[in-house]
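> Provided below for reference: sequence and predicted model.
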Number of protein chains: 2
Amino acid sequence: MPRRATPEEGRPRPSTIRDVARHAGVSVATVSRILSGSYPSAPATRGKVMRAVRELDYVANAHARGLAGVRPKSVAIVVTSVVSPHYAHVAQGVQDQAAREGRLCIVGTTGGDPERELATVRLLREEHAEAVILVGNMPADDAYRERMADYARALAVAGSRLVLCGRPPLGDDVPAIVVEYDNTGGAHAITSHLLSAGHKRILFLGRRTGYTTPDSRIAGYRAALAAHRVPHDPALEVDSVVMDRRDGHRMMRERLDAGPRDFTAVFAGNDLIAAGARAALRERGLSVPGDVSLVGFDDLPPADDIDLTTVHVPHEELGRTAVRLALDTDTPGASRHVMLGTHIVVRDSVRPNLEEPPSP
Amino acid sequence: MPRRATPEEGRPRPSTIRDVARHAGVSVATVSRILSGSYPSAPATRGKVMRAVRELDYVANAHARGLAGVRPKSVAIVVTSVVSPHYAHVAQGVQDQAAREGRLCIVGTTGGDPERELATVRLLREEHAEAVILVGNMPADDAYRERMADYARALAVAGSRLVLCGRPPLGDDVPAIVVEYDNTGGAHAITSHLLSAGHKRILFLGRRTGYTTPDSRIAGYRAALAAHRVPHDPALEVDSVVMDRRDGHRMMRERLDAGPRDFTAVFAGNDLIAAGARAALRERGLSVPGDVSLVGFDDLPPADDIDLTTVHVPHEELGRTAVRLALDTDTPGASRHVMLGTHIVVRDSVRPNLEEPPSP
DNA sequence: GCTGAGTGTTTAACCGTTTACAGGAATGGG
DNA sequence: CCCATTCCTGTAAACGGTTAAACACTCAGC
């Protein structure tokens, strides 16, 4: 007999539905039905049961319930890190919506390590969460797509749905939901903003070929240049590896040290890079926006502090939408795809370019 | 017969331990034992089972396992919000340690609402997580203590342990683990730092009576003043309600507008307040540290950006320690209490006070 | 008085694991 | 050659819920 608590040891045991039934003088089935509320019951019985529940401080055992075939009330989100503002905001949106729908939220971090991602998805598969939301930026190669498709199928079998957040869709045959936001459009809009202010030599800080988010942003940058008939100079695109503040500082410092300044504006691939670049500019005696105009992308905390004109990304809405779509049972197996809009936020980091007046 | 999937419908069903057993030609008990690894088994059998597991892509059902009496592999953390840097860092520490020990991490947010906290703890009680870590700042009144004690007892009955992070202990009779950090010591140290630089009129921004964290910080501030025999002027303590950047800006602006400046240094209750105060000072043409010295508390992202001398709080270690202690089964029911140290980080926001040279 | 409909409750099967106990096949000692 | 010992594997009983189906009861209609 695999009883954990033998009768003689006095360790208190959480009260079960059986205890409640006994206490209320009804059967366990009645208690279950009254608690789930999905069945008519006599007011008297209902009262007795509710009183017993209160008196015994009963809470259902989530595992027993899950085992009995009721979808567990939880969604999961997997991010690289919870301290990174973008992920934190998406996670907050997921939390909000999950709480609103009475769900718990499981959070997994991978630190960008595919092995840990695999291990996490495995654990989540065991958990049978309603949805597994993957948010983050991964190289968009075939191996990656294959892996995501595997996740999607495995999770679908376990009754969970996979939601890809801020990643490109996988194809209609893969049972996954995709919630994206418009990187290309945002980059196009803010590049146009700089171009309209007369800037023609715009340094792009943070190219990272093969990664979908930076790729889309630089595509918007190039498209805007083309639309304004401004020649595209590949030498103005600077590669980044980590896309953080330190790297922004490094890129800008190296650029300034490499020779005379050949740009009047800077488009940083995200706000962290912008913050780092701004610091490097100032160290070299260049003011923003006085000497150099600067824009970023993301509209995250540092942006407001340094008065940065940037592209607003609906981080929290991304998370909320992911949960809403995943929990929307109208279209069970369908693979859906939503694209959220972005828009520029004008602060005070751009000035008209006076160095080289537009030739008439 | 409550079968969900009737034979005719082709919806794939996750493979169970029974499928694996059948596939490998052994009994379910053997599979279970081999997978748990806690029992000797013949290499041949082991090979067959592992192959079946691979071929069927089997993962155990966490609910069935939990129900069968195995402690679920998950810890939970409850915070006000995941976008707030302090909580985010603590959560990151929890994540790290949890992942290191092969655990999943459930995160709940309350938005500071006691009702949501209650609801979350309830849901977590159902979940039977190994540990429930509560981090945050709540009014330290009797009602609150009573509620925490209730949580602790209820969770203990469900087999979970309550960990209070950055909150004061509840007493030895309550089965809770407490992980604190030294607010008073840090505030004392950084106030001394200002005093040593010759500042005697130090404005404290962010008093919030009744809340333990601000209370401890202001206690350190007062103690340092006393230790240096500098008179304590209550008019130099400014109350805050929300303790964020905006409020720091407001407090400083109102103070500067209210009359002539009667302080040479500012001790902000946290780095966000410091950032806001710094912005307000600059708007009034006062430079930091040229005209006014400024220090904060927490050592979170804005601090580095604005070169703020502040008190470092071991956020992530707080989270890691919480998990470690909770999972340490050497001392099962014991209520433990750990206090982590803090130390000041000197950057460039303090200058010696020249306005009023120390009288000899 | 009997049937039938309509309520409200109970009985019992089932979810997928773990594990105490029983059982069977080698192995070795006498 | 028999029996004790060791080693592995199988059987079956929990774990704590949900729910289809059977059942009891009340009351209306004929």
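Yes, it's here.

> what's the helix or strand of chain A with the lowest mean pLDDT packed up against?
When the helices and strands of chain A are scored by mean pLDDT, DSSP states H and E, helix A:301-305 comes last with a mean of 83. Where contact means 3 or more Cβ pairs under 8 Å, 6 or more residues apart in numbering or on different chains; DSSP states H and E, helix A:301-305 is packed against helix A:271-283, helix B:301-305. The C-beta positions use only the backbone N, C-alpha and C, and glycine is treated the same way.

> Start and end of stretch A:286-302, how far apart?
End-to-end distance for stretch A:286-302: 19 Å, by Cα to Cα, to the nearest Å.

> before we move on, the earlier item: ok, and for the least confident helix or strand of chain A, which residues are buried?
A:301, A:302, A:303, A:305 (16 or more other Cβ atoms under 10 Å in any protein chain shown).

> Look up how far DNA strand D lies from the second one.
Yep, that's residue A:302 we're talking about. 47 Å (Cβ to the nearest atom of the strand, to the nearest Å).

> now do the first one
Residue A:301 is 42 Å from DNA strand D, where distance means Cβ to the nearest atom of the strand.

> contacting residues for the residue lying closest to that residue once chain neighbours are set aside?
Closest residue to residue A:301 apart from its sequence neighbours, by Cβ to Cβ, 6 or more residues apart in numbering or on different chains: residue A:85 at 5.8 Å. Residues near residue A:85 by Cβ atoms under 8 Å, 6 or more residues apart in numbering or on different chains: A:298, A:300, A:301, B:83.

> State the distance from residue A:85 to residue A:219.
24 Å (Cβ to Cβ, to the nearest Å).

> Check residue A:78 too.
Distance from residue A:78 to residue A:219, by Cβ to Cβ: 26 Å.

> In terms of neighbours, single out the busier of these two.
Just comparing residue A:78 and residue A:219: by other Cβ atoms under 10 Å in any protein chain shown the higher neighbour count belongs to residue A:78, 22 against 14.

> Ramachandran coordinates for that one?
The phi/psi pair for residue A:78 (degrees, to the nearest 10) reads phi -120, psi 120.

> tell me the pLDDT at it?
With respect to pLDDT, residue A:78 scores 96.

> one step back: show me what the helix or strand following the least confident helix or strand of chain A is packed against.
With elements assigned by DSSP states H and E, the helix or strand that comes after helix A:301-305 is strand A:310-312. For strand A:310-312, the packing partners by 3+ Cβ pairs under 8 Å, 6+ apart come out as helix A:183-196, strand A:343-345.

> in the last one, what counts as buried?
Spelled out, that is strand A:343-345. A:344, A:345.

> Let me see the mean pLDDT of that strand.
Here the average pLDDT along strand A:343-345 is 97.

> Mind jotting down where the strands sit in the stretch 1-150 of chain A?
Per DSSP state E, counting those that start in this stretch, the stretch 1-150 of chain A has strands spanning A:74-79, A:104-109, A:131-135. These are given in chain order.

> Adding distance to residue B:234 as columns, could you present those in JSON lines?
What follows is these, written out as JSON lines (distance: least, Cβ to Cβ, whole Å):
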{"stretch": "strand A:74-79", "distance to residue B:234": "45"}
{"stretch": "strand A:104-109", "distance to residue B:234": "43"}
{"stretch": "strand A:131-135", "distance to residue B:234": "48"}
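
> Distance to chain B added to the ones you listed, as CSV?
Compiled in CSV, the strands of the stretch 1-150 of chain A are given as follows (distance: least, Cβ to the nearest Cβ, whole Å):
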stretch, distance to chain B
strand A:74-79, 8
strand A:104-109, 4
strand A:131-135, 12
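
> returning to that earlier point: need the buried residues of helix A:301-305 in JSON lines (columns: distance to DNA strand C).
Shown next, in JSON lines, are the buried residues of helix A:301-305 (distance: Cβ to the nearest atom of the strand, whole Å):
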{"residue": "A:301", "distance to DNA strand C": "44"}
{"residue": "A:302", "distance to DNA strand C": "47"}
{"residue": "A:303", "distance to DNA strand C": "47"}
{"residue": "A:305", "distance to DNA strand C": "50"}
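
> Report the contact partners of the closest residue to residue A:181 other than its chain neighbours.
Counting by Cβ to Cβ, 6+ apart, residue A:340 is the residue found nearest to residue A:181 once chain neighbours are left out, at 4.4 Å. Residues near residue A:340 by Cβ under 8 Å, 6+ apart: A:179, A:180, A:181, A:182, A:314, A:317, A:318, A:321.

> farthest pair in these?
For the contacts of residue A:340, the maximum inter-member distance is 13.5 Å, found between A:182 and A:321 (Cβ to Cβ).

> distance of the residue of the stretch 201-350 of chain A found nearest DNA strand D from residue A:162?
Closest contact between the stretch 201-350 of chain A and DNA strand D, by Cβ to the nearest atom of the strand, is at residue A:329 (14.3 Å). Distance of residue A:329 to residue A:162, computed by Cβ to Cβ: 16 Å.

> Settle it for me: which of those two has more neighbours?
Between residue A:329 and residue A:162, counting by other Cβ under 10 Å, residue A:162 is the more crowded of the two (26 against 9).

> So the more buried one, which state does it fall into?
Secondary structure, DSSP: H, G, I helix; E, B strand; the rest coil: residue A:162 is strand.

> Residue A:221: helix or strand, and which one exactly?
helix A:212-227.

> What helices and strands are in contact with that helix?
helix A:183-196, strand A:202-207.

> what's the following helix or strand after that helix?
strand A:237-239.

> Residue A:339 contacts residue A:183, doesn't it?
No - applying Cβ atoms under 8 Å as the test, residue A:339 and residue A:183 come out as separate, 10.0 Å apart.

> Not counting residues beside it along the chain, what's closest to residue A:106?
residue A:76 (4.1 Å).

> what pairs with that neighbour across the strands?
residue A:106, residue A:132 (DSSP bridges).

> Distance check, it against residue A:158.
In terms of Cβ to Cβ, residue A:76 sits 12 Å off from residue A:158.

> More neighbours: which of those two?
Higher neighbour count among residue A:76 and residue A:158: residue A:76, with 28 against 20, using other Cβ under 10 Å.
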